[in-house]
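1. Sharing a sequence plus its predicted fold:
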Amino acid sequence: MKKIDGGVTAPKGFKATGLRVGIKESNTEKKDMAMIYSEAPCVAAGTFTTNQVKAAPVKWDMDIVENSEEVHAVVCNSGVANACTGSEGMEYCEDMAQTTADALNIGKNEVLVASTGVIGAQLPMDKITKGIDMLVPQLSDGLDGGHDAALAIMTTDTIPKEIAYEVEIGGKTCTIGGMCKGSGMIHPNMCTMLGFVMTDINISKELLTEALKEDIKDTFNMVSVDGDTSTNDTVLLLANGLAGNEKITEKNEDYHKFIEVLHQINVFLSKKIAGDGEGATALFEVKIVGAESKEQAVTLAKSVVTSSLTKAAIYGHDANWGRILCALGYSKARFNPDAVDIYFESKAGKLKIVENGMATDYSEEKATEILSEEEVTAICDMKMGEYSATAWGCDLTHEYVSINADYRS
């Protein structure tokens, strides 16, 4: 596989764009609507929030992914989440899909809809409808089109998040490109996170769905910024088959090549979300090794990465390892605390700070140096087996509180 420039427009046949239509506050020039379009019909897979309170676009997309044979387009707005909006919100989803379908000359049930932003507000449909009419003529298969779309889906994100890879499958060059947004209200089992991954690989809907749902477990579902699971979480994976490879209908070598690249895409986007957590100064990665089962490793990793006290210690560049051991202990996973080793690692080096449940004679100065990097990893060796898991989060800062104290104002 090879990393290439671009995002959702890197695969053959995909166009995208993003622009400002005035959904967000008037004192900003930020883009707030995006569209992705495939000239060829796509099979679609999706994963969605586990929150019982599901936004209208989530309900719409769950139905489309499940029941539509093909999909051509995704339309997304930022600034208003269209969550907790009742029947009116569902009608607005249908209106967005119908307006997009009319503009692109496709079917209403071939349009996926996404929204992100403030919960409880109704969509300004006059602006949305006008925005769709503005988006369609500007659709582009160039890198700028994909980049503009990545900018338009941002809310409190500080950077756009996009990636693309090429891989040879069945003698054909196949491409996968993705983009996502997410910065706050991020917690395992999806997040205020919108993810859109496009590919020109020819693959069955059944295997596309299985690939996404399995990979989500080790990527997007292992991200946490603040412990809040959103109402709008959506990851969509569309494949239009234009690469021309023999259709993947079984779990052969071609399928495994595909899931390997998909995993790289999803890991990259997951880490970008974690590192861009609201107010964050550092990506905080937690690796559990030596666990007795995958389930145990996942439980332990999530417990540490979501610990507010540990996150605050990372912000303070403080090797307060007791908080990590404490978080392992209240995870409800059973282990021997007197056997655990803990390391801190970053570009500045690697340091064992705990051996068999007790502090080593480590250098506080070196520990601080390691924890002062923009990406910091805590490694916990449970010494119980061969299973591992990795979770991603960020440090907890004063700025996180400031951002969320006046989010609506």
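-> Looks like it came in fine.
2. those strands in the stretch 51-200 of the chain, which residues are they?
-> For the stretch 51-200 of the chain, the strands defined by DSSP state E, counting those that start in this stretch occupy 71-80, 111-118, 161-169, 172-181, 194-199.
3. Kindly reformat the ones you listed as CSV containing distance to residue 57.
-> Where C-beta positions appear, they are placed from N, C-alpha and C, glycine not excepted. Output for the strands of the stretch 51-200 of the chain, formatted as CSV (distance: least, Cβ to Cβ, whole Å):
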stretch, distance to residue 57
strand 71-80, 8
strand 111-118, 5
strand 161-169, 19
strand 172-181, 14
strand 194-199, 9
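4. Alpha carbons only: can I get the helix or strand of the chain with the lowest mean pLDDT in PDB?
-> Least confident helix or strand of the chain, by mean pLDDT, DSSP states H and E, is helix 398-405 with a mean of 76. Presented in PDB, the C-alpha positions along helix 398-405 are these (Å, rounded to 0.1, in the frame of the first residue of the first chain):
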ATOM      1  CA  HIS A 398      -8.400  24.500  31.100                       C
ATOM      2  CA  GLU A 399      -9.300  25.200  27.500                       C
ATOM      3  CA  TYR A 400     -11.600  22.200  27.300                       C
ATOM      4  CA  VAL A 401     -13.800  23.800  30.000                       C
ATOM      5  CA  SER A 402     -13.700  27.200  28.300                       C
ATOM      6  CA  ILE A 403     -14.800  25.800  24.900                       C
ATOM      7  CA  ASN A 404     -17.700  23.900  26.400                       C
ATOM      8  CA  ALA A 405     -18.800  26.500  28.900                       C
END
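5. buried stuff in it?
-> 400, 404 (16 or more other Cβ atoms under 10 Å).
6. try stretch 356-365
-> Buried residues in stretch 356-365, counted by 16+ other Cβ under 10 Å: residue 362.
7. Export only the CA atoms of that stretch, formatted as CSV.
-> These are the backbone C-alpha positions of stretch 356-365, laid out as CSV (Å, rounded to 0.1, in the frame of the first residue of the first chain):
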residue,chain,number,x,y,z
ASN,A,356,5.6,-5.4,39.4
GLY,A,357,3.3,-2.8,40.7
MET,A,358,5.9,-0.6,42.3
ALA,A,359,7.8,2.5,41.2
THR,A,360,11.2,2.0,39.6
ASP,A,361,14.1,4.3,40.3
TYR,A,362,13.2,6.4,37.3
SER,A,363,14.3,10.0,36.5
GLU,A,364,11.5,12.5,37.0
GLU,A,365,13.4,14.9,34.7
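8. roughly how far is it from the heart of the chain?
-> Taking the mean C-alpha point of stretch 356-365 and that of its whole chain, the gap between them comes to 35 Å (Cα atoms, centre = their mean, to the nearest Å).
9. pLDDT (mean, whole number) over it?
-> Summarised as a single mean, pLDDT over stretch 356-365 is 97.
10. first to last residue in stretch 371-389, what's the distance?
-> Terminal residues of stretch 371-389 are spaced 21 Å apart (Cα to Cα, to the nearest Å).
11. same thing with stretch 392-406?
-> Using Cα to Cα, the distance between the terminal residues of stretch 392-406 is 26 Å.
12. Equivalent analysis for stretch 18-28, please.
-> End-to-end distance for stretch 18-28: 15 Å, by Cα to Cα.
13. residues making contact with that stretch?
-> The contact list for stretch 18-28 (Cβ atoms under 8 Å, 6 or more residues apart in numbering) reads 29-35, 77-80, 117, 123-124, 127-128, 130-131, 134-135, 138, 148-153.
14. Just the buried ones among those residues, please.
-> If we count by 16+ other Cβ under 10 Å, the contacts of stretch 18-28 have these buried: 31-35, 77-80, 117, 123-124, 127-128, 131, 134-135, 148-153.
15. Which neighbouring elements make contact with the helix ranked longest in the chain?
-> Criterion DSSP state H: the longest helix present in the chain is helix 253-275. With contacts taken as 3 or more Cβ pairs under 8 Å, 6 or more residues apart in numbering; DSSP states H and E, helix 253-275 sits against strand 161-169, strand 172-181, strand 194-199, helix 205-216, strand 283-291, strand 387-394.
16. Centre of the chain to the last one, how far?
-> By that I understand strand 387-394. Distance of strand 387-394 from the chain centroid (Cα atoms, centre = their mean) equals 15 Å.
17. Now do it: which elements does it pack against?
-> Checking 3+ Cβ pairs under 8 Å, 6+ apart, strand 387-394 ends up next to helix 253-275, strand 283-291, helix 294-305.
18. And for the longest one?
-> Under the contact definition 3+ Cβ pairs under 8 Å, 6+ apart, helix 205-216 sits against strand 33-48, strand 234-239, helix 253-275.
19. go with 10 Å
-> strand 33-48, helix 56-67, strand 194-199, strand 234-239, helix 253-275 (3 or more Cβ pairs under 10 Å, 6 or more residues apart in numbering; DSSP states H and E).
20. what about dumping the CA coordinates of the third one to PDB?
-> Below are the C-alpha coordinates for strand 194-199, written out as PDB (Å, rounded to 0.1, in the frame of the first residue of the first chain):
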ATOM      1  CA  LEU A 194     -18.600  12.100  11.300                       C
ATOM      2  CA  GLY A 195     -16.500   9.800   9.100                       C
ATOM      3  CA  PHE A 196     -16.700   9.400   5.400                       C
ATOM      4  CA  VAL A 197     -14.600   6.800   3.600                       C
ATOM      5  CA  MET A 198     -14.800   6.400  -0.200                       C
ATOM      6  CA  THR A 199     -13.200   3.700  -2.300                       C
END
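21. Alright, I will stop here.
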